[in-house]
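Novice: Below are the sequence and a predicted model; questions follow.
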Amino acid sequence: MGGKCFKAVKGGTRESPKQELKIPLRDIQLATQNFSQDYIGTGMTSSVYKCLLHDRVVAVKRMNIMVGYSYLKGEKRYIRFDFVFVVDAKALHDFQHPKIVKFVGFCQEGNERLVVSEYINGKNLHQCLQGNPNAVPYISWKQRFQIAVDIAEGIQYLHQQGVIHRRLRSTNVLLDQNLTARIADYGFREIRETYTQSRICDRGPISGALEYLCPQYMTLGIASKNSDVYAYGIVLLELLSGKNALGLFYWVSDRVKEGRYLDICDPRIISEIDDQIFKVAVDIAMQCTAANLSDRPEISDVVVALGAYRNVVV
Ligand SMILES: Nc1ncnc2c1ncn2[C@@H]1O[C@H](COP(=O)(O)OP(=O)(O)OP(=O)(O)O)[C@@H](O)[C@H]1O
């Protein structure tokens, strides 16, 4: 995996696609009026802006870079939070799939880390499930089932490209005007490095909201395709129950143990579901969130398992 840091791919002339991936900060500052216009929202580690850049409407994700010092047993340590690409930017730019948000380019100048991607006109899945019903579209059972398939297909594509998402959650699933799910926020990860005067003494690879992190990722800090499958299982439970991800796995597990599947169903869609297919979907989510890595399916198995019912449901 070449070009792991947040930097331009070597080679190419100014006009070539390779160089265009590295977008000058001044162009983004102009387009966003110095990050004062068309602010879309903020997450745990970034803020996102919509703007017209080089004649194209895009979303600019501005990462929060942090540096600081800590003292441990009298020893001064320097801490740096940053972002690195997990594949080089050129490879990322070549990714093409209807269920992922297209990567456009990036900027790294001084302490600025900016990722530019296709703008999706819509809301994220979390907003649609948890937001004010007057401000967000209603998502029917059929649409939720299709969204579950869309997300699995998007993750399957990333896994086929050798990319682990690491931060899959319902806020990173964007729904366009047709309610097609598009996966955002892939291709880079946060790093936390702690230095003493002479050496790096700690690298913290964990990223993501805790409710989506599987036990292995949480304790050992090792992300894998399996940890993405776990996060997918939690997102699927959100779709089925309409509930917030926090504590959801335990809430659902209790009901599954007692065979109370219908109690899991979001009341907004309960009149639309087929009980058997709903149970299948809950069981798939539970397999994805199995405690043991080896008990979890591959995401391609999920695509096949859900896909088998797509024609019946959608
Ligand atoms: N490409 C995009 N097009 C349209 N809206 C986007 C795009 N990318 C992100 N957003 C929106 O911007 C808001 C903030 O996104 P952001 O990625 O910062 O949040 P997050 O995923 O919750 O947190 P984190 O910073 O940890 O990734 C969200 O409401 C999201 O829906």
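Specialist: That came through, no problem. Numbers count the residues shown, from 1 in each chain.
Novice: which stretches of the stretch 101-250 of the chain form strands?
Specialist: 103-109, 112-118, 123-124, 173-175, 181-183, 188-195, 200-204 (DSSP state E, counting those that start in this stretch).
Novice: Including distance to Asn134, could the ones you listed go into JSON lines?
Specialist: C-beta: built from backbone N, CA, C; applies to glycine. Converted to JSON lines, the strands of the stretch 101-250 of the chain look like this (distance: least, C-beta to C-beta, whole Å):
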{"stretch": "strand 103-109", "distance to Asn134": "33"}
{"stretch": "strand 112-118", "distance to Asn134": "28"}
{"stretch": "strand 123-124", "distance to Asn134": "13"}
{"stretch": "strand 173-175", "distance to Asn134": "17"}
{"stretch": "strand 181-183", "distance to Asn134": "22"}
{"stretch": "strand 188-195", "distance to Asn134": "35"}
{"stretch": "strand 200-204", "distance to Asn134": "41"}
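Novice: Who are the contact partners of the closest residue to the ligand within the stretch 151-300 of the chain?
Specialist: Of the residues in the stretch 151-300 of the chain, the one nearest the ligand is Thr171, at a distance of 3.6 Å by C-beta to the nearest ligand atom. Going by C-beta atoms under 8 Å, 6 or more residues apart in numbering, Thr171 touches Gly43, Asn124, Leu125, His126, Gln127.
Novice: repeat for His54
Specialist: Ile23, Asp27.
Novice: Tell me how far it lies from the ligand.
Specialist: His54 sits at a distance of 16 Å from the ligand (criterion: C-beta to the nearest ligand atom, to the nearest Å).
Novice: and Phe188, how many residues sit next to it?
Specialist: Phe188 has 25 neighbouring residues, counting by other C-beta atoms under 10 Å.
Novice: Kindly report the same for Glu109.
Specialist: If you count neighbours by other C-beta under 10 Å, Glu109 ends up with 14.
Novice: which strand is the longest one in the chain?
Specialist: The longest strand of the chain (DSSP state E) is strand 75-85.
Novice: Pairing partners for that strand, with directions?
Specialist: strand 66-72 (antiparallel), strand 188-195 (antiparallel) (DSSP bridges).
Novice: Which single residue of the stretch 1-150 of the chain ends up nearest the ligand?
Specialist: Residue nearest to the ligand within the stretch 1-150 of the chain (C-beta to the nearest ligand atom): Gly43, separated by 1.8 Å.
Novice: Check what pLDDT that residue gets.
Specialist: Note for Gly43: predicted pLDDT of 81.
Novice: please begin residue numbering at 197 from this point
Specialist: Got it, the first residue is 197 from now on, which makes the last one we talked about Gly239.
Novice: Columns mean pLDDT and distance to Gly443 on top of the strands of the stretch 297-446 of the chain, output as a markdown table?
Specialist: Below are the strands of the stretch 297-446 of the chain laid out as a markdown table (pLDDT from 0 to 100; distance: least, C-beta to C-beta, whole Å):
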| stretch | mean pLDDT | distance to Gly443 |
| --- | --- | --- |
| strand 299-305 | 95 | 33 |
| strand 308-314 | 96 | 31 |
| strand 319-320 | 96 | 20 |
| strand 369-371 | 98 | 20 |
| strand 377-379 | 98 | 24 |
| strand 384-391 | 80 | 24 |
| strand 396-400 | 61 | 25 |
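Novice: closest to Gly350 out of those?
Specialist: Ranking the strands of the stretch 297-446 of the chain by their distance to Gly350 (criterion: C-beta to C-beta) puts strand 377-379 first, at 4.0 Å.
Novice: who touches the closest one?
Specialist: Strand 377-379 is contacted by residues 294-297, 316, 321, 343, 346-347, 350-351, 354, 361, 364, 368-372 when judged by C-beta under 8 Å, 6+ apart.
Novice: Mind giving me the PyMOL select for the residues you listed, buried ones only?
Specialist: Burial among these is assessed by 16 or more other C-beta atoms under 10 Å; the matching PyMOL selection reads:
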select buried, resi 295+296+297+316+321+343+346+347+350+351+354+361+364+368+369+370+371
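Novice: from the contacts of strand 377-379, which ones fall inside helices?
Specialist: Using DSSP state H, Leu321, Ile343, Asp346, Ile347, Gly350, Ile351, Leu354 are the members of those that sit in helices.
Novice: Nearest residue to the residue of the stretch 197-346 of the chain closest to the ligand in space, please, no chain neighbours.
Specialist: Thr367 (6.4 Å; C-beta to C-beta, 6 or more residues apart in numbering).
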